[in-house]
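Asks: Need a 3D model of the sequence below.
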Amino acid sequence: QLQLVESGGGSVQPGGSLRLSCTASGRTLDIYAIHWFRQGPGKDREGVSCIGGNGSGTRYADSVKGRFTISMEMTNGTVYLQMNSLKPEDTAVYYCAAEYHRALGQFNSWGQGTQVTVSS
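Replies: Prediction:
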């Protein structure tokens with residue numbers, strides 16, 4: 001069983017920065033990739049970024065390219081999402097999710113979510 005715990009959300013003014021963390025514990029060797037999703041008020045869930053389970057191979061949604069950076073610290077099993085130049089439209093609950101080798105394309109483990117609010 002894999003557990004994911006997010007942290008680092010908060011309130012920030014437009015143009016500000018936040019760093020989200022997603023710490024995995026348990027069966028981490030089963031992970032193919034870790035994904036960040038977000039769901040804003042009245043919006044559908046959106047894929048934001050992902051990183052391979054070995055820390056390589058990153059992808060970003062067009063809406064965050066050049067502003068967000070995903071990274072992984074293998075020693076503590078944590079994936080980070082550095083968010084810079086934040087915009088009001090980045091306001092959402094952010095979730096991390098695990099994609100397993102045995103179930104590619106599916107997200108079978110989720111964190112509890114962390115709220116990010118961008119407002120002046």
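
Asks: check contacts around the residue nearest in space to the middle of the chain.
Replies: For the chain, Trp36 is the residue whose C-alpha lies nearest the centre (C-alpha atoms, centre = their mean; 2.7 Å). Each residue near Trp36 by C-beta atoms under 8 Å, 6 or more residues apart in numbering is listed here: 20, 22, 47-50, 70, 79, 81, 94-97. For every residue, glycine as well, the C-beta is placed using N, CA and C.

Asks: Likewise for Gly113?
Replies: Glu6, Val93, Tyr94, Tyr95.

Asks: circling back to that earlier point, tell me which element the residue nearest to the centre of the chain is part of?
Replies: Using DSSP states H and E, Trp36 maps to strand 31-39.

Asks: hmm, back to that, mind giving me the PyMOL select for the contacts of Trp36, buried ones only?
Replies: Command for PyMOL that selects the buried part of the contacts of Trp36, burial taken from 16 or more other C-beta atoms under 10 Å:
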select buried, resi 20+22+48+49+50+70+79+81+94+95+96+97
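
Asks: and which of the contacts of Gly113 is nearest Gly55?
Replies: Distance to Gly55 across the contacts of Gly113 (C-beta to C-beta) is lowest for Glu6, with 18.2 Å.

Asks: How about Phe107: what's its closest non-neighbour residue?
Replies: Closest residue in space to Phe107, ignoring its immediate chain neighbours: Ala97 at 3.9 Å, by C-beta to C-beta, 6 or more residues apart in numbering.

Asks: circling back to that earlier point, same question for the strand holding Trp36, mean pLDDT?
Replies: Here strand 31-39 scores 96 as its mean pLDDT.
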